[in-house]
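Asker: model this:
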Amino acid sequence: MTRKKPVEILLVEDNPSDEELTIRAFKKNNLEKKVYCVRDGEEALDFLFARNNYSDREIREKPKLILLDLKLPKVDGLEVLRQIKNNRITKTIPVVVLTSSREERDIVRSYELGVNSYISKPVDFDKFVKAVTDVGLYWFIMNEVPYSKN
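Answerer: Purely as a prediction, here's the structure:
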């Protein structure tokens, strides 16, 4: 799987409708071409750590932002977050949990594992689009991350 352009936003989302809404929200701000979507936690980890189908990807080409759903097949979002934040190469990538879960234990555990922000997906379409747009603009355009050679 050879990629021609760098991935700047990694969207980890198993729901095709939520993926489409997220892409549409980014499209309003010309960010959709910078998004790459994976559908489960295992694929997210494979992508980030350049293994299996992504073994030809350069591991040091990190996304600038990860939008992570928690309720994922194969490997759940909390385990994906744990592995991201426990790895010296990926730990500085901002991770925003974007999930339908409003469970206190998910929120607390996400912050314990090092999430940068936790957002419950709004049910209303317009509010969902605004939330994703705001997340993208803040974390992708306004936020500065440390430069790392790792």
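
Asker: how about residue 31, nearest residue that isn't a chain neighbour?
Answerer: Leaving aside its sequence neighbours, residue 31 sits nearest to residue 136 (CB to CB, 6 or more residues apart in numbering; 5.3 Å). The way it works is simple: take the backbone N, C-alpha and C, and place the C-beta from them, glycine included.

Asker: count of neighbours near residue 53?
Answerer: 10 (other CB atoms under 10 Å).

Asker: cool, and the one 4 residues further on?
Answerer: Around residue 57 there are 19 other residues, counting by other CB under 10 Å.

Asker: what about it, distance to residue 51?
Answerer: Using CB to CB, to the nearest Å, one gets 9 Å for the distance from residue 57 to residue 51.

Asker: on that earlier part again, isn't the residue nearest to residue 31 right next to residue 23, touching?
Answerer: No. Residue 136 lies out of contact with residue 23 (CB atoms under 8 Å); the separation is 10.7 Å.

Asker: looking at those two, which one has more neighbours?
Answerer: Each of residue 136 and residue 23 has its neighbours counted (other CB under 10 Å); residue 136 has more, 24 against 16.

Asker: quick check: phi and psi at that one.
Answerer: phi -60, psi -50 (degrees, to the nearest 10).

Asker: return the residues in contact with it.
Answerer: Applying CB atoms under 8 Å, 6 or more residues apart in numbering, we find residue 136 in contact with 9, 25, 26, 29, 31, 65.
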